[in-house]
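**Student:** Structure for this input, please:
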Amino acid sequence: MLFGYKYKLIPSKQQFNRFVSWLNMGRVLINYSLNDMEATYHLRFAQGEFCFLKSKAPCCPLTCPVGSNSATSDTGEIYQTSKDGVVSRKSAKNIQKTNLPVLKEVRTWYKDVDSTALQQVIDNLHDGFSKFFKGEAKYPKYKNRSNFKSLTIKSGIVISRNRVKLGKLGWMRFHNSRPIPEGFKIKSATIRLKADGLYVSVKIQDKSVPAFPIIPPEEVKTAVGLDMGLTKLVHCSDGSQTNNPKLSTHKKSRRTLCIRQRRINRKKKGSKNRRKAGNKVARFHQKITNKREALQWKIAAKKVKKADAIFAEDLNVSGMKSRCKPKKDVSEACHASDINNRGRFLKNGQSRKRGLNRSISDASWCSLLKKIEYVAAKHGKLFHKVNPKYSSQTCPECGHVHKENRDKEKFICTNCGYFSHADINAANIIKQRGVGEFGLTLSCRVKIKKSVLVDCQEPKQLVLFDMPTSESTEGKRRQRSALGHP
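**Tutor:** Numbering: from 1, shown residues only. Below you'll find the model as predicted:
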């Protein structure tokens, strides 16, 4: 079984500055290695296709090993011999790893950095390339101070009460919020720099403890569907809704952020006061992030307890937040001879969509779904993502799909007259699709109320006994007079 525990560190000033210098050297190393691979690719691409005489292997771009004339292969040891005596060419990752001692001799300040941290930097770079070729991630980019803030070490990690030893950083105090269970061994530790200090994520493993078993589909008796929203954060198929606190988009947060951001712009660039004002903004964002994560863990625990199977919509958040396509002006004025009227564009609604993108980022649906998936796996329950296409326009009673079925937050089927809340109806459709994909047989089903639309309802008939009697009115008068009212 594999777990990850996160703690906040209490480093000294020297340890903090030392780790910041480690981050700078790690960032330079990953950019240097990426540039080396790109330069080697362009060099071999210009030469054309060829094969090596020793290994007789063809050359391929980026995945090929770094050439002998590249920056990280000064030693020329680019071949390796297996136990069977077969000579093969080293991969780019192995070449760059074996040349780390050469790097430390040339640049002696790299000797201060933990060797496993430098090796992990190169591993992360090549893992990014492997994911890129599989289509799972984008092309690796060069790192800067804003997007490179963590290092992973795999040796010299010892925890004793409220103190931890992190390789060459030495012993350091930390907030021991939860102790590590007995029998678990520490595999690695990732140190992260955040706005409010340093954090360490410890990966622990115990092979003797089996993983949490997930319930098979044959034993699933109850299921629930989840639909994400903005007015309400989560809509459940059982009719319950979770409020959206809008931590970073409500009026007070926006005003506080605007004031603190204005203070940064008024400071001189490069000054200490500007850096201090920037740290205040970063700490404010960190505070909002902590609140959001705490809320998401509570929501995940509540939703997982509802049923044996949880079905959620598979959202393409990056596509939802993409920019609107530009609208080019094709009117007669654009084709006129006047130069000033050429190449004009019409309004495409991007300024209005910017507020929607902020709300989607504040809701953080992907992070919430990951937490629900983790909690479901921890409790041994089934979690699956369903295609949400036309889920808010489909009638769960007759299956009719039409654009006019939904009117803002109301769902009224134009075919059978079924009506419900639009988002709760979408959650029911997601549940039905998940049940259909796995072929589940649920023990109890939620009864769907059906109503036929009519032009007008009959007025309520007044009955003598429905009118207030004299005794009831007299009793109310006595109560008011006792209280001193006229």
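
**Student:** what's the domain layout of the protein?
**Tutor:** As given by automatic domain parsing, the domain ranges for the chain are 2-205, 217-246+294-438.

**Student:** And those: which comes nearest Lys267?
**Tutor:** Set against Lys267 and scored by C-beta to C-beta, these come closest in domain 2-205, at 17.6 Å. For glycine as for every other residue, the C-beta is placed from the backbone atoms N, C-alpha and C.

**Student:** what's the offset of the closest one from the middle of its chain?
**Tutor:** Offset of domain 2-205 from its chain centre (C-alpha atoms, centre = their mean, to the nearest Å): 23 Å.

**Student:** now that domain: mean pLDDT?
**Tutor:** The average pLDDT within domain 2-205 is 82.

**Student:** What of stretch 279-295?
**Tutor:** On average, stretch 279-295 scores 94.

**Student:** and what of stretch 266-275?
**Tutor:** For stretch 266-275, mean pLDDT is 93.

**Student:** Look up how far Lys410 lies from Cys416.
**Tutor:** As for Cys416, its distance to Lys410 is 15 Å (criterion: C-beta to C-beta, to the nearest Å).

**Student:** try Leu169
**Tutor:** 59 Å.

**Student:** Over to Asn162?
**Tutor:** Relative to Lys410, and taking C-beta to C-beta, Asn162 is found at 56 Å.

**Student:** Ramachandran angles for Phe411?
**Tutor:** phi -120, psi 120 (degrees, to the nearest 10).

**Student:** In contact with it, which residues?
**Tutor:** Ser392, Cys395, Asn405, Tyr418, Phe419, Ser420, His421, Ala422, Asn425 (C-beta atoms under 8 Å, 6 or more residues apart in numbering).

**Student:** rerun that using 10 Å as the cut-off
**Tutor:** Contacts here follow C-beta atoms under 10 Å, 6 or more residues apart in numbering; on that basis Phe411 touches 392-396, 405, 418-426, 428.

**Student:** Among the residues you listed, name the ones in strands.
**Tutor:** Phe419, Ser420, His421 (DSSP state E).

**Student:** now the residues you listed as TSV including distance to Arg266, neighbour count and pLDDT?
**Tutor:** Listed next are the ones in strands among the contacts of Phe411 as TSV, based on distance: C-beta to C-beta, whole Å; neighbours: other C-beta atoms under 10 Å; pLDDT from 0 to 100:
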residue	distance to Arg266	neighbour count	pLDDT
Phe419	55	19	87
Ser420	52	21	88
His421	47	16	89
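
**Student:** ok, of those residues, which one's closest to Ser208?
**Tutor:** Lowest distance from Ser208 to these (C-beta to C-beta) belongs to His421, with 48.7 Å.

**Student:** picking up where we left off before, who's more crowded, Leu169 and Lys410?
**Tutor:** Counted by other C-beta atoms under 10 Å, Leu169 and Lys410 do not tie: Leu169 has more neighbours, with 22 against 12.

**Student:** Pretty sure the more buried one sits against Ser21.
**Tutor:** No. If you go by C-beta atoms under 10 Å, Leu169 and Ser21 don't touch, sitting 11.2 Å apart.

**Student:** Spit out the residues that contact the two alike.
**Tutor:** With C-beta under 10 Å, 6+ apart as the test, Leu169 and Ser21 reach no residue in common.

**Student:** Next, count neighbours for the closest residue to Lys141 other than its chain neighbours.
**Tutor:** The shortest distance from Lys141 to any non-neighbouring residue, by C-beta to C-beta, 6 or more residues apart in numbering, is to Asn147 (8.0 Å). Applying other C-beta under 10 Å, we find 9 residues neighbouring Asn147.

**Student:** Likewise for Phe132?
**Tutor:** Residues near Phe132, counting by other C-beta under 10 Å, number 14.

**Student:** And the one 5 residues further on, by the same measure?
**Tutor:** When neighbours are defined as other C-beta under 10 Å, Ala137 has 13 of them.

**Student:** Contact partners for it?
**Tutor:** Counting by C-beta under 10 Å, 6+ apart, Ala137 touches Asp127, Gly128, Phe129, Ser130, Lys131.

**Student:** in the protein, which residue is closest to the centre?
**Tutor:** In the chain, the residue lying closest to the centroid (C-alpha atoms, centre = their mean) is Ser367, at 4.0 Å.
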